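S.K.: Got a sequence here, can you build the structure:
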Amino acid sequence: MSIPVPQLYRRILKLAKVFPSKNRESIYREIQLQFHRDKTLTDPTAIAERLSVAHRGVQQLSMYTNLQGVKGDWSVTLEQNPFPKPPEKVQDFPPLLRAALHPPPAASSSSSF
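M.R.: Here you go, the predicted structure:
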């Protein structure tokens, strides 16, 4: 079942209007221009191809605009200090790291070859 062209046009523009992208306005304008350019098409193959592209566009835009949040108003909570300042002194390092950085001197043996 195919959506009538005017309804498809309104649907894709509505989705493009809330698409979460910094290029949202240019995407919206490009969709408008493409539909206006194609309204004079008479070749059934070309029309079917353009409608197929528009239907795929609706599907793709729907994937991004149906995310949680209202009109792209999402919030992200980050850890307050994910990368704390490293310790300045070797004594402040955790014991295992301190041992790896400064291994104890190797015990010398008095045996000779």
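S.K.: now this protein, which segments are flagged as low pLDDT?
M.R.: 1, 66-94, 96-104, 106-113 (pLDDT under 70).
S.K.: ok, now with 50
M.R.: For the chain, applying pLDDT under 50 flags the ranges 69.
S.K.: quick one, helices of it?
M.R.: Along the chain, the stretches classed as helices by DSSP state H are 5-17, 24-38, 44-65, 95-101.
S.K.: Please convert those to JSON lines, extending it with mean neighbour count.
M.R.: All C-beta spots, glycine's among them, are computed from the backbone N, C-alpha and C. Output for the helices of the chain, formatted as JSON lines (neighbours: other C-beta atoms under 10 Å):
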{"stretch": "helix 5-17", "mean neighbour count": "16"}
{"stretch": "helix 24-38", "mean neighbour count": "14"}
{"stretch": "helix 44-65", "mean neighbour count": "13"}
{"stretch": "helix 95-101", "mean neighbour count": "10"}
